[in-house]
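In: mind looking at a prediction? Sequence and model below.
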Amino acid sequence: MTDPATVRAQYADEANLETRRSVWQPTADGRDPVAVALAEVRAALPEGRSLPDVLEVGAGPGVFAERLRRERHVPVSVHEADAALARGEVPNPAKGFGPTRITPLLRFLWYAGRRGGLRTHPLVEVGTFGDGATLDVPGSPRVVLVPGHTPGSAALHMPALDALFVGDAFATLAVTTGATGPRVAPFTADAPTALASLDRLRDVPAGLVLPGHGEPWRGGVEQAIQLVRESAATTPS
């Protein structure tokens, strides 16, 4: 399997950010980008291991998860508190756009619209995991429930990579305003709960924090939490 240093570099190296942002665009030779991505994942697996689950750390629109499950037979798992949301059985609890600036908002809507991100794609089949679980996938991530963005929003801690995937527990880019730095993610269902939940991450030892939107954060979990709260105190509802 790819060694931890290489995996960390693939996620954190700022030179690779544009590549990761454009991974779902058609390839130059016309190949299916989903197939290309899956082939790369399979190539990194140790001998005898099957393709790991797709782990949705927050069951939002699920733009690609259902496609992966249906077309590529990749199992998808979410936190148990988001299972009904992932299946489309309950409405998305997101509370509108929040603060906006017209140019960043239009840029986000245009980008998302071109890639099908403005339509929901409920999962027909979805597995679940609970808070505190260690998942049987490469990296053995430990689940930390951080409700707020959705009821089952979760972070995944990978000690071997010194990394914490926070999903939408917070963002370092507000796609609706263009503001940068740690802050409550746009479209959060319950901002007070999201802020309170960050205390559950305070003691997680991770030098690299990877949000769902924005640049990787290398300033430590404690500082990120402080900056999220400072931002929330000065950001209008």
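Out: That came through fine. Since we're looking at a predicted model, the values are computed, not measured.

In: element containing residue 77, please.
Out: strand 76-79 (DSSP states H and E).

In: can you tell me the SS state at residue 232?
Out: When classified by DSSP: H, G, I helix; E, B strand; the rest coil, residue 232 comes out as helix.

In: would you list every one of the helices in this protein?
Out: 4-12, 17-21, 33-44, 65-72, 83-86, 102-114, 191-197, 221-234 (DSSP state H).

In: which one of the ones you listed has the lowest average pLDDT?
Out: Among these, helix 17-21 carries the lowest mean pLDDT, a mean of 40.

In: dump the strand holding residue 77 to CSV, restricted to CA.
Out: The C-alpha trace of strand 76-79 is given here as CSV (Å, rounded to 0.1, in the frame of the first residue of the first chain):
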residue,chain,number,x,y,z
VAL,A,76,-21.2,3.7,1.1
SER,A,77,-21.4,4.3,4.9
VAL,A,78,-22.5,7.3,6.9
HIS,A,79,-22.9,8.0,10.6
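
In: same for that strand, what does it pack against?
Out: strand 54-56, helix 65-72, strand 127-129 (3 or more Cβ pairs under 8 Å, 6 or more residues apart in numbering; DSSP states H and E). In short, each C-beta sits where N, CA and C put it, glycine included.

In: just those: most buried one?
Out: Highest mean neighbour count among the helices and strands packed on strand 76-79 (mean count of other Cβ atoms under 10 Å): strand 54-56, with a mean of 22.

In: can I get the helices and strands packed on strand 76-79 in JSON lines with distance to residue 233?
Out: Below are the helices and strands packed on strand 76-79 laid out as JSON lines (distance: least, Cβ to Cβ, whole Å):
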{"stretch": "strand 54-56", "distance to residue 233": "30"}
{"stretch": "helix 65-72", "distance to residue 233": "34"}
{"stretch": "strand 127-129", "distance to residue 233": "33"}
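
In: for residue 205, find the nearest of these.
Out: Closest to residue 205 of the helices and strands packed on strand 76-79 is strand 54-56 (Cβ to Cβ; 20.5 Å).

In: the one residue sitting closest to the centre of the chain bridge partners, please.
Out: Nearest to the mean C-alpha position of the chain, by Cα atoms, centre = their mean, lies residue 167 at 3.2 Å. The partner list for residue 167 in beta bridges (DSSP bridges) reads residue 211.

In: pLDDT wise, what is it at?
Out: 92.

In: thinking again about what came up before, note down every partner strand of the strand holding residue 77 and its orientation.
Out: Sheet pairing of strand 76-79 (DSSP bridges) gives strand 54-56 (parallel), strand 127-129 (parallel).

In: and those strands, which one is worst for confidence?
Out: Looking at these, the lowest mean pLDDT belongs to strand 54-56 (a mean of 55).

In: circling back: wait, which of the helices and strands packed on strand 76-79 is closest to residue 155?
Out: So among these, strand 54-56 is nearest, using Cβ to Cβ, at 11.0 Å.

In: let me see the backbone angles for the nearest residue to residue 97 once chain neighbours are set aside.
Out: Distances taken as Cβ to Cβ, 6 or more residues apart in numbering place residue 176 nearest to residue 97, at 5.2 Å, with adjacent residues excluded. Here is the backbone geometry of residue 176 (degrees, to the nearest 10): phi -90, psi -10.

In: what's the burial count for residue 176?
Out: Residue 176: 21 surrounding residues under other Cβ atoms under 10 Å.

In: which ones are touching residue 90?
Out: residue 84 (Cβ atoms under 8 Å, 6 or more residues apart in numbering).
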